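Engineer: Structure, please.
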Amino acid sequence: MADGVREFFEGLEARVDPTKTAGMNNSYRFDIAGAGSWAVAVTDGEVSVSEGGGEDADCTISASEENFTKMVSRELNPMTAYMTGKLKVKGDMGAAMKLQKLF
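Structural biologist: Numbers count the residues shown, from 1 in each chain. Predicted coordinates:
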């Protein structure tokens, strides 16, 4: 499954709809247990992804590999995952709410 998470992040830049992220300026760190960590920066709608890093991100998202995979495949609602402790968010909650524009 780690390959699936890696593929998700490697293809994220190409999949994002720039009309949805225009004017958005946030940085994220994704810590996916069992798969690794990725930094995602959105600068005026342009998305860049790098493996590792993101220590000074606006928002850190933590989840297990299984739960993250379920969220990106739409089997698990991110808000439900957060409310049930399957998804953890540290930092700017407003930035976290904007994540739906990326996926």
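Engineer: use CA for all of it now, contacts and neighbours both
Structural biologist: Noted.
Engineer: the strands in the chain, which residues?
Structural biologist: Taking DSSP state E as the criterion, the chain contains strands spanning 25-33, 36-43, 46-51, 59-64, 87-91.
Engineer: So, low pLDDT: which residues of the protein?
Structural biologist: Along the chain, segments meeting pLDDT under 70 span 1-2.
Engineer: can you tell me which helix in it is longest?
Structural biologist: Taking DSSP state H as the criterion, the chain has its longest helix at helix 2-15.
Engineer: Between strand 36-43 and it, find me the angle.
Structural biologist: Calculated by axes from the mean of the first three to the mean of the last three CA atoms, to 10 degrees, helix 2-15 forms an angle of 10 degrees with strand 36-43.
Engineer: Buried ones in helix 2-15, by neighbour count?
Structural biologist: Under the neighbour-count criterion of 16 or more other CA atoms under 10 Å, helix 2-15 has 5-6, 9-10, 12-13 buried.
Engineer: May I see these organised as TSV, with distance to Thr19 added?
Structural biologist: Shown next, in TSV, are the buried residues of helix 2-15 (distance: CA to CA, whole Å):
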residue	distance to Thr19
Val5	25
Arg6	25
Phe9	20
Glu10	20
Leu12	15
Glu13	13
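Engineer: isn't Ala63 right next to Val89, touching?
Structural biologist: No: between Ala63 and Val89 there is no contact under CA atoms under 8 Å: 9.1 Å.
Engineer: higher neighbour count, these two?
Structural biologist: The neighbour comparison of Ala63 against Val89 (other CA atoms under 10 Å) goes to Ala63, with 21 against 16.
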